[in-house]
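>>> Can you look at this prediction? I've put the sequence above it.
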Amino acid sequence: MTNLLTVLPAFDTQPYTHILPSLEKALISSADLLTLDAFDVAKRAQVPSGEVKKLASAVLNGLNAFTTLREVGRPAGNVPATDPGQHEVISTLDDVLDTALDGGVAIGRVTEFVGESAAGKTQFLLTLLLSAQLNPPHGVGKAALYISTEAPLQTTRLAQILNQHSKLTVLPPDERPTMARVQSAHIHDLEAQDHILRFQVPVMLQRHDVGLLVIDSIAANYRPEFDKGKAKRSAAESFVKRSNQVTDLGTLLRETAEKYGIAVVVANQVADRFAAFEPPPSQLQTSQQVQKPPSVSAPQNLPILPSTTPQGTAHDGVITPPSLSTDDPLALDHQHRFFTGWGDDMQTTNLKTPSLGLAWTNQLSARVALVKVPIYEAKQYMAGEEPNIAGWKRTFKVVFSEWCQPSCSEFEISSGGVRSIAEQHENGS
């Protein structure tokens, strides 16, 4: 059958495997099966007419069941209907972070975790793969599907979180999530990505009773795809083509989340964003100084580090935000601060912008930015010596969301996953 699983993704093909290859070879579609005489179909495909009648009857029953579910207001895929206004979520397994998300990652929505390398994106995704298996209110009691476009699923780390997370280890054995309920697939290019998301994922969502779809990361396959053809097409053509593809991808993911009643969570990468600024001549020397962390003694001529230096000016020890190249409030340069997660506070030190641009941002229901800032080792530094990084301060920032308000929470990564920490250094010395 050329389109049977597209019409009925959950159809059980096992009883008909002996005739399906012949029907496929003869280009028999589902419409042909239901509208043509069974004898004519059998003759065309050279299969027994009685088997064709059985298959046609099974397909018709499947279509009737599908239509009945849709008429009573239930999503396709045998997903139980939810009451209007009911807020189903998948927990991050941390009370503070769940509060920031009004309970967790929402079902039926597309949520993005964006940040630099090692910011903690994959740690959150792995935690969600386990919490999705929990019963409400922490999960949906279903399996999870993990699609990777870069490194394969980190099974060793997933097992570590499962065995050491404080909220999972106290559960009875029959209520604990298992790695067996985490399905995974690896995608190497855009063509395979589109095919898998459109045709194979819907089948897996129903066959394995999946409640969470994770893609890590959403931007990886776009870089090589457009880099290899940049010599053959103009920058404008590449930009338009990529924008169209990104829009189609976002539409597909949103429809999948709504149709099957699942949460779609993606990881995204970032790129550097540069803001133009012209410090006053009287402040040139001051603006070259690096804002030192509390309790760190460093010389005035400490070299500027690209990853940690404020892209703004310092006046009397206070960092001002980078000035914009335009004062037009409708310009993209001005509005970046409201939807990227970087540049909306007075202490922004390294401006970033999520990959795939505004076209992708418009497809999201929520964006969570994971921002990391270096913590320097407190010691005396020699002139010209670079400061030593002792650790990182990580912030969980809800940039925008359909179901909760923007907020910030500090978190850390431990052997048991991610967890929030109290902000106790607000009154720094």
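Cool, the structure landed. Numbers count the residues shown, from 1 in each chain.

>>> burial of the closest residue to residue 143 other than its chain neighbours, as a residue count?
Nearest residue to residue 143 in three dimensions, chain neighbours excluded: residue 181, at 4.1 Å (CB to CB, 6 or more residues apart in numbering). For the C-beta atoms, the positions are set from N, CA and C on the backbone; glycine is no exception. Each residue near residue 181 was counted by other CB atoms under 10 Å, and the total is 18.

>>> Look at residue 181 and report its pLDDT.
At residue 181, the model reports a pLDDT of 95.

>>> Check the spacing between it and residue 158 real quick.
Distance, residue 181 to residue 158, by CB to CB, to the nearest Å: 11 Å.

>>> now swap in residue 213 and tell me
Residue 213 is 16 Å from residue 158, by CB to CB.

>>> Counting neighbours, go ahead and name the busier of the two.
residue 213 (25 against 22).

>>> Partner strands of whatever helix or strand the more buried one lives in and their direction?
Assigned by DSSP states H and E, residue 213 belongs to strand 210-216. Using DSSP bridges, the strands paired with strand 210-216 in its sheet are strand 143-148 (parallel), strand 263-268 (parallel).

>>> Pipe the ones you listed into JSON lines and attach distance to residue 120, mean neighbour count and mean pLDDT per row.
Output for the strands paired with strand 210-216, formatted as JSON lines (distance: least, CB to CB, whole Å; neighbours: other CB atoms under 10 Å; pLDDT from 0 to 100):
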{"stretch": "strand 143-148", "distance to residue 120": "17", "mean neighbour count": "23", "mean pLDDT": "96"}
{"stretch": "strand 263-268", "distance to residue 120": "10", "mean neighbour count": "26", "mean pLDDT": "97"}
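
>>> Helices of the stretch 101-250 of the chain, start to end?
Taking DSSP state H, counting those that start in this stretch as the test, the helices found in the stretch 101-250 of the chain are 121-131, 155-164, 166-169, 190-195, 201-207, 222-227, 235-260.

>>> pLDDT of the fifth one, averaged?
Think helix 201-207. For helix 201-207, the per-residue pLDDT averages 93.

>>> picking that back up, to residue 11, which of the helices of the stretch 101-250 of the chain lies closest?
Among the helices of the stretch 101-250 of the chain, the nearest to residue 11 by CB to CB is helix 201-207 (9.2 Å).

>>> Give the buried residues for stretch 189-202.
Under the neighbour-count criterion of 16 or more other CB atoms under 10 Å, stretch 189-202 has 190, 193, 194, 197, 201, 202 buried.

>>> State the pair within those that is farthest apart.
Spatial extent of the buried residues of stretch 189-202 (CB to CB) is set by the pair 190 and 202 at 18.8 Å.

>>> In the stretch 101-250 of the chain, where is pLDDT below threshold?
225-236 (pLDDT under 70).

>>> which residues touch the most centrally placed residue in the chain?
In the chain, the centroid-proximal residue (CA atoms, centre = their mean) is residue 266; its distance is 1.0 Å. Residues near residue 266 by CB atoms under 8 Å, 6 or more residues apart in numbering: 110, 111, 112, 113, 214, 215, 216, 217, 218, 253.

>>> what's the neighbour count on residue 50?
Counted with other CB under 10 Å, residue 50 comes out at 10.

>>> what's the distance between it and residue 392?
For residue 50 relative to residue 392 (CB to CB), the value is 68 Å.

>>> so what are the domain limits for this structure?
Per the record, the chain has its domains at 4-71, 89-271, 280-350+367-420, by automatic domain parsing.

>>> want to try a markdown table for the buried residues of stretch 189-202, with distance to residue 144 as columns?
Formatted as a markdown table, the buried residues of stretch 189-202 follow (distance: CB to CB, whole Å):
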| residue | distance to residue 144 |
| --- | --- |
| 190 | 24 |
| 193 | 19 |
| 194 | 22 |
| 197 | 16 |
| 201 | 13 |
| 202 | 16 |
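
>>> could you check the angle helix 155-164 makes with the helix or strand that contains residue 411?
In this assignment (DSSP H and E), residue 411 forms part of strand 407-414. Angle, strand 407-414 to helix 155-164, by axes from the mean of the first three to the mean of the last three CA atoms, to 10 degrees: 100 degrees.

>>> Whatever helix or strand comes next after strand 407-414 - contacts with which helices or strands?
Counting by DSSP H and E, the element after strand 407-414 in chain order, helix or strand, is strand 417-420. Applying 3 or more CB pairs under 8 Å, 6 or more residues apart in numbering; DSSP states H and E, we find strand 417-420 packed against helix 95-100, helix 121-131, strand 407-414.

>>> residues in contact with strand 417-420?
With CB under 8 Å, 6+ apart, strand 417-420 has contacts from 92-97, 120, 123-124, 126-127, 161, 164-165, 396, 409-412.

>>> Now that strand - C-alpha only, PDB.
Only the C-alpha atoms of strand 417-420 are listed here, as PDB (Å, rounded to 0.1, in the frame of the first residue of the first chain):
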ATOM      1  CA  GLY A 417      20.300  16.000  37.100                       C
ATOM      2  CA  VAL A 418      19.400  19.600  37.300                       C
ATOM      3  CA  ARG A 419      18.300  21.400  40.500                       C
ATOM      4  CA  SER A 420      17.600  25.000  41.500                       C
END
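
>>> Show me what that strand pairs with in its sheet, parallel or antiparallel.
Assessed with DSSP bridges, strand 417-420 is paired to strand 407-414 (antiparallel).

>>> one step back: what does the strand holding residue 213 rub up against?
By CB under 8 Å, 6+ apart, strand 210-216 touches 90, 107, 121-122, 125, 128-129, 132, 139-150, 183, 201, 204-205, 253, 256-257, 260-267.

>>> List the buried residues for it?
210, 211, 212, 213, 214, 215, 216.

>>> Equivalent analysis for stretch 336-354, please.
Buried residues in stretch 336-354 (16+ other CB under 10 Å): 336-337, 339-344, 348-354.

>>> With stretch 355-363 instead?
Going by neighbour count (16+ other CB under 10 Å), the buried part of stretch 355-363 is 355, 356, 357, 359, 360, 361, 363.

>>> Residue 32: which of those residues is nearest?
Closest to residue 32, out of all of those and judged by CB to CB, is residue 363, at 36.0 Å.

>>> picking up where we left off before, relative to helix 121-131, how tilted is the strand holding residue 411?
90 degrees.

>>> How far does strand 407-414 sit from its chain's centre?
Distance, stretch centre to chain centre, for strand 407-414: 18 Å (CA atoms, centre = their mean, to the nearest Å).

>>> Could you do stretch 184-199 as well?
Relative to its parent chain, stretch 184-199 has a centroid offset of 15 Å by CA atoms, centre = their mean.
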